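# 3D model of this:
(chains A, B and C)
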Amino acid sequence: MGMHGIPSNGSGEEDLELRRGPWTVEEDLLLINYIAVHGEGRWNTLARFAGLKRTGKSCRLRWLNYLRPDVRRGNITPEEQLIILELHSRWGNRWSKIAQHLPGRTDNEIKNYWRTRVQKHAKQLKCDVNSKQFKDAMRYLWMPRLAERMTTAAAAAETVATATAVATASESDSSAPTHLSSPPLSDCYGVNYGELGLGFVGSFEESQEPSFSHYDEFFSNGSSWAVSGEPLPENFWTSDDIWLS
DNA sequence: AACAACCACAACCGCTTCTGA
DNA sequence: ATCAGAAGCGGTTGTGGTTGT
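Numbers count the residues shown, from 1 in each chain, chains lettered A, B, ... in the order given. Just a heads-up that it's a prediction; the model follows:
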């Protein structure tokens, strides 16, 4: 099986056997160039005329999820996570519908995020993603903390911004406790902050969900909801680390 | 050093929905 | 109204990199 070892068949140039698996840079360039000239769409004929030994579906997917110029990948920001959690709680696995509210993000990426991060946490907490237990944990722990992280990060970004405005040389700001490899703040918060941020709550159709303030209320009146007298691992409430990607 | 187990993400598959002839 | 092909969707698998033994 000449899997990813370039077009396995050197003999004939017009063999109709389809390639599968990871895309090579050559294939990417073919696709990009063809679309630059002819535009997207009509994927099956595109595949044929661009000289790609791929299915139309494969070409479409590659373009939409990876090559498209406005696609954003990696570094899911706290506000994006928040939106994903919120919308998923409302709509379930409607990935593409959720993706519509996250500019530049694809349904595939959101789906992967859910599977790798969210389901992993459920597993760590030894409960099912669909259990009330886990949903409560998301709503009352994870989401508020993300919201908090958003605001502090935004504040940090602002101070950084003003600081760098004065001194253009930017050194890494060590004040933030985040160890995470991740995202340059500019990348995280440069986009649509107002639109994507807290503003989104209540802006959707059929939305009667209040803003995040009710989480705090909830905390203040204590453990009233510690319902469903269930196992709950001891670290259930205390393990911050696992909630923040 | 080598190998296994694990993880994150990219890509594929089967099915459904859309479109337009 | 029907039908075929294209596009879209969500579940699932594959692949390559990383981490653990």
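
# could you tell me which residues of chain A lie near DNA strand C?
By CB under 7 Å from any atom of the strand, the residues of chain A that approach DNA strand C are A:3-4, A:21-22, A:41-45, A:56-57, A:60, A:64, A:93-97, A:107-108, A:111-112, A:115. Using the backbone N, CA and C atoms, a C-beta is placed for each residue, glycine as well.

# can you narrow those residues to ones near DNA strand B?
Restricting these to those touching DNA strand B (CB under 7 Å from any atom of the strand) yields A:21-22, A:57, A:108, A:111-112, A:115.

# mind giving me the PyMOL command for buried ones among those?
Restricted to buried positions by 16 or more other CB atoms under 10 Å, the PyMOL selection for these reads:
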select buried, chain A and resi 108
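
# show me the ones next to DNA strand B among the residues of chain A next to DNA strand C that map onto strands.
Members of these lying in strands (criterion: DSSP state E): none.

# closest to A:Ser131 among the ones next to DNA strand B among the residues of chain A next to DNA strand C?
Closest approach to A:Ser131 among those (CB to CB): A:Arg115, at 16.9 Å.

# pLDDT score for the closest one?
Here, the pLDDT recorded for A:Arg115 equals 89.

# cool, A:Gly202 as well?
At A:Gly202, pLDDT is 36.

# could you do A:Asp136 as well?
82.

# tell me which residues in the helix or strand encompassing it are buried?
Using DSSP states H and E, A:Asp136 sits in helix A:132-137. Across helix A:132-137, burial judged by 16+ other CB under 10 Å covers A:133-137.

# where does chain A have its least confident helix or strand?
One helix or strand of chain A scores below all others by mean pLDDT, DSSP states H and E: helix A:185-189, with a mean of 31.

# distance between the ends of stretch A:108-123?
Stretch A:108-123 has its terminal residues 21 Å apart, counting by CA to CA, to the nearest Å.

# going along the chain, name the helices of chain A.
Ranges of helices within chain A are A:25-38, A:43-49, A:56-62, A:78-91, A:95-99, A:107-113, A:119-124, A:132-137, A:143-166, A:185-189, A:193-196, A:213-220, based on DSSP state H.

# hey, least reliable of those by pLDDT?
Mean pLDDT across the helices of chain A is lowest at helix A:185-189; the value there is a mean of 31.
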